[in-house]
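In: fold the stuff below for me.
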Amino acid sequence: MRQLKSSGVSATLRHLYPRMLAVHTLPDEVGFPDERGQLVLPRLMRTSYSRMEPHGAYLVENGEHARVEVPERRAN
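Out: Have a look, this model is predicted:
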C-alpha cells in the first residue's frame, strides 16, 4: 500500500490496469526493426478475462511484475 501511495500517476495506472498481449498470435516481425529501422512492437489488448481465448497464452505486466497467463480449457 505504501508503494502505491508513493507512486506517480502513470505507475499507479499501470498497477491498477496492467498491460496484456497475446503471445500466441504474435506476428513474426515483432521484435525486429522495420524498413525505417524502428523496432516493431506487439499490439496490446484490453486486459479482460472475457477477451482471452482458451487456447491462448498471454503476457500480463504492470511495470513491476510480468507473468504468463494460460486460461483453462473448459468443457461445454
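In: would you check that Leu59 makes contact with Val70?
Out: No: the pair Leu59 and Val70 does not pass the contact test of CB atoms under 8 Å, sitting 10.8 Å apart. Backbone N, C-alpha and C define where each C-beta goes, glycine included.
In: neighbour count winner among the two?
Out: Set Leu59 next to Val70 and count neighbours by other CB atoms under 10 Å: Leu59 wins out with 17 against 13.
In: tell me which element the more buried one falls in.
Out: strand 58-61 (DSSP states H and E).
In: which strand or helix spans the residue positioned nearest the centre of the chain?
Out: With distances taken as CA atoms, centre = their mean, the chain has Met20 as the residue nearest its mean C-alpha position (1.9 Å). Met20 is part of strand 19-22, with elements assigned from DSSP H and E.
In: hmm, who's touching that strand?
Out: For strand 19-22, the external contacting residues (CB atoms under 8 Å, 6 or more residues apart in numbering) are 42-47, 53, 56-62, 69.
In: what is the nearest of those residues to Arg14?
Out: Taking CB to CB as the measure, Arg14 lies nearest Asn62 of the contacts of strand 19-22, at 5.0 Å.
In: what comes up buried for the biggest helix by length in the chain?
Out: With secondary structure taken from DSSP state H, the chain has its longest helix at helix 9-16. Buried residues in helix 9-16, counted by 16 or more other CB atoms under 10 Å: Arg14.
In: ditto for stretch 18-27
Out: Neighbour-count burial for stretch 18-27 flags 18-22 (criterion: 16+ other CB under 10 Å).
In: alpha carbons of it, as CSV, please.
Out: Provided in CSV are the C-alpha atoms of stretch 18-27 (Å, rounded to 0.1, in the frame of the first residue of the first chain):
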residue,chain,number,x,y,z
PRO,A,18,-1.8,-3.9,-16.3
ARG,A,19,-0.9,-4.3,-20.0
MET,A,20,-1.6,-7.6,-21.7
LEU,A,21,-0.6,-9.0,-25.1
ALA,A,22,-1.4,-12.3,-26.8
VAL,A,23,1.8,-14.2,-27.1
HIS,A,24,0.2,-17.0,-29.3
THR,A,25,-0.8,-14.5,-32.0
LEU,A,26,2.5,-12.5,-32.3
PRO,A,27,3.4,-11.9,-35.9
